[in-house]
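Q: Quick one: sequence and predicted model below, then my questions.
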Amino acid sequence: MNYKYMNFEGSKLVLEGQKIDKREKKDNAGKNNEEAIDLKRRGFLKLISGAAVTAVVGTTAFKIAENVLDLDEEKVEPAINPETVKEDAHEKMVLKKDETAKQAEPKNEVIEKPEQKKASIEKQKENEEKQKSKEKIKMLIDNINLAHEQITKSDLWNKDLLPAPLLTAIEIVESGMDGSAVSPQGAVGIRQLRPIAIKADFEYINVLHKNKKIKINEPVTPSDEEINEIMRLISEDDNLCRKFGNTYLSYLGPNGVHGPNIGKVELKKEKKELSRQYILAAYNMGPGNFKKIEEWKDWPRETKNYTWKVDEYYKKIKQKKKKLSEEGVHIGSYEKLGRLVMEGEA
């Protein structure tokens, strides 16, 4: 706001007042604001330090001295509502108090020690590795499922050399048809497979895929930890164990693509029984050991007994099936026939 100061007989006069444009918007500041505007419209003189002043208020003009300056109507400042100022000041005080209190509050952040942070990172990495391993194991199992279906429906699987009753006989001799059986050598499942057989299976199906004999997902080679997990799975799932077992028998036998091709020469000479005995011996002692001692007379006693027992149960299962068929009894699977044979011996 503009003021005009003037010395008059040792006094100082302050002129306050101006005309307010009728078109000026009403201020919502309240009753006090309206009173202030009214005072400005009427005009008034404020006397300071007792000076004598002659003024005419509310008439057409008033004269104080020379060089009286009219107030600029465009620069009128709105009157301040004391209550509003008081409320604003109180609100700012409350906000500042709250902000100060928040800054003073202790933060609940957990500060990890270097060793704790390292352990946390290692744990996270371990969990990520476990998840990757689970996904890989699923892919490995999928590959075996796909491979087994194709192998057993192709010339990679000789049904005359490895008929269904023989496979059941292997299960009786290997585990007594108990999928939870574990041998002293670490063989597991209804077919008593060892890690070396699992590893050979994946090597075999990957080669078959490469040679376009079968089609699987992306060929994968399992780690030792993943093989151990697969061993656990086949000890809990007889059918999965059978798929691995059949794949291994195909790998051992005369498939003509990959593996030791045991019994191939004998089969060509139409010595099917001898070829079968060789495959069973390799299944029992391992293909590496078999290659060292191919002659039957040099086989370990355990292997001789093994091949003889499998052959005996193979014959018993076929005889049982024939007898039940003559009696009009139909047994749906060789697994059931095998269990009936075992019960008959109990």
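A: It's in.

Q: His209 contacts Glu203, doesn't it?
A: No: using Cβ atoms under 8 Å, His209 makes no contact with Glu203, being 11.0 Å away. The way it works is simple: take the backbone N, C-alpha and C, and place the C-beta from them, glycine included.

Q: For the two, indicate the residue with more neighbours.
A: His209 (19 against 16; other Cβ atoms under 10 Å).

Q: Quick check: closest non-adjacent residue to the more buried one.
A: Nearest non-adjacent residue to His209, counting by Cβ to Cβ, 6 or more residues apart in numbering: Ile216, 4.9 Å away.

Q: Under the pLDDT cut-off, which ranges of the protein? List them.
A: 1-110, 112, 346 (pLDDT under 70).

Q: Domain map for this protein?
A: The chain is divided into the following domains under automatic domain parsing: 5-86, 135-345.

Q: What is the burial count for Asp178?
A: Counted by other Cβ under 10 Å, the residues lying close to Asp178 total 13.

Q: Go ahead and confirm the residue nearest to His209 touches Ala147.
A: Yes: at 5.5 Å, Ile216 counts as touching Ala147 under the criterion of Cβ under 8 Å.

Q: Overlap in contacts, the two.
A: 205, 209 (Cβ atoms under 8 Å, 6 or more residues apart in numbering).

Q: Am I right that Glu149 sits in a helix?
A: Yes: judged by DSSP: H, G, I helix; E, B strand; the rest coil, Glu149 forms part of a helix.

Q: and it, what does it touch?
A: Contacts of Glu149 (Cβ under 8 Å, 6+ apart): none.

Q: Quick one: the strands in the stretch 51-200 of the chain, in order.
A: Using DSSP state E, counting those that start in this stretch, the strands of the stretch 51-200 of the chain do not appear at all; there are none.

Q: quick one, helices of it?
A: 82-104, 114-151, 164-175, 195-210 (DSSP state H, counting those that start in this stretch).

Q: Could you give me the buried positions within the shortest one?
A: By 16 or more other Cβ atoms under 10 Å, the buried positions in helix 164-175 come out as 165-175.

Q: which helices and strands sit right next to it?
A: In terms of contacts (3 or more Cβ pairs under 8 Å, 6 or more residues apart in numbering; DSSP states H and E), helix 164-175 is packed against helix 238-252, helix 272-285, helix 301-326, helix 334-345.

Q: can you redo these as CSV with distance to Val182 and mean neighbour count?
A: Output for the helices and strands packed on helix 164-175, formatted as CSV (distance: least, Cβ to Cβ, whole Å; neighbours: other Cβ atoms under 10 Å):
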stretch, distance to Val182, mean neighbour count
helix 238-252, 12, 23
helix 272-285, 17, 22
helix 301-326, 17, 16
helix 334-345, 19, 16
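
Q: just to revisit the earlier point, as JSON lines, the buried residues of helix 164-175 with distance to Ser333 would be great.
A: Below are the buried residues of helix 164-175 laid out as JSON lines (distance: Cβ to Cβ, whole Å):
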{"residue": "Pro165", "distance to Ser333": "11"}
{"residue": "Leu166", "distance to Ser333": "14"}
{"residue": "Leu167", "distance to Ser333": "11"}
{"residue": "Thr168", "distance to Ser333": "9"}
{"residue": "Ala169", "distance to Ser333": "14"}
{"residue": "Ile170", "distance to Ser333": "15"}
{"residue": "Glu171", "distance to Ser333": "12"}
{"residue": "Ile172", "distance to Ser333": "14"}
{"residue": "Val173", "distance to Ser333": "18"}
{"residue": "Glu174", "distance to Ser333": "18"}
{"residue": "Ser175", "distance to Ser333": "17"}
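
Q: Out of the helices of the stretch 51-200 of the chain, which is closest to Ile317?
A: Checking those against Ile317 by Cβ to Cβ gives helix 164-175 as the closest, at 4.3 Å.
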